[in-house]
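In: Give the three-dimensional model of this entry:
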Amino acid sequence: MRELQLTDVQAGIDDVFAEVSALAKNCRFANCVHESEPGCAVRQAVNDGNIEEARVSRWRKLLREETHNRESIAERRARGRSLGKLYRTIQDEKKSTRKP
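Out: Have a look, this model is predicted:
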């Protein structure tokens, strides 16, 4: 067995990181990623020294993993295709701007 993917662990993450999850609900924007947005309650708590940056990083990492594990196979393929298109677009733009 190479890895174990747990699904539907959002409630557990909210329990373990209760203070961070509670602060996240107080952010100015609903889609806040808690990195550099203005009005982010989580960033403010880190800046004030109420929460450690490492704890917030672990919380973010677990949320990303939960989101990834919750995706269906079709959603993962669609995300992979769109990312591939983005890479090809960037490579094409880079080739077109090269000096001959």
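In: quick one: low-confidence parts of the protein?
Out: Across the chain, the ranges flagged by pLDDT under 70 are 1-8, 99-100.
In: what residues does the longest helix seen in it touch?
Out: The helix spanning the most residues in the chain, taking DSSP state H as the definition, is helix 73-97. By CB atoms under 8 Å, 6 or more residues apart in numbering, the list of residues contacting helix 73-97 from outside reads residue 71. Where you see a C-beta, it was placed from the backbone N, CA and C, and this is true even at glycine.
In: Centre of the chain to it, how far?
Out: 19 Å (CA atoms, centre = their mean, to the nearest Å).
In: next one: stretch 26-42
Out: Worked out by CA atoms, centre = their mean, stretch 26-42 lies 13 Å from the chain centre.
In: cool, stretch 92-100 as well?
Out: Worked out by CA atoms, centre = their mean, stretch 92-100 lies 32 Å from the chain centre.
In: Export only the CA atoms of that stretch, formatted as CSV.
Out: Taking C-alpha atoms only, stretch 92-100 is exported to CSV below (Å, rounded to 0.1, in the frame of the first residue of the first chain):
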residue,chain,number,x,y,z
ASP,A,92,3.9,28.8,-27.1
GLU,A,93,4.0,32.4,-25.9
LYS,A,94,7.6,31.9,-24.8
LYS,A,95,8.6,30.5,-28.2
SER,A,96,6.9,33.4,-30.0
THR,A,97,8.7,36.0,-28.0
ARG,A,98,12.2,34.6,-28.6
LYS,A,99,14.5,36.6,-30.8
PRO,A,100,15.5,34.8,-34.0
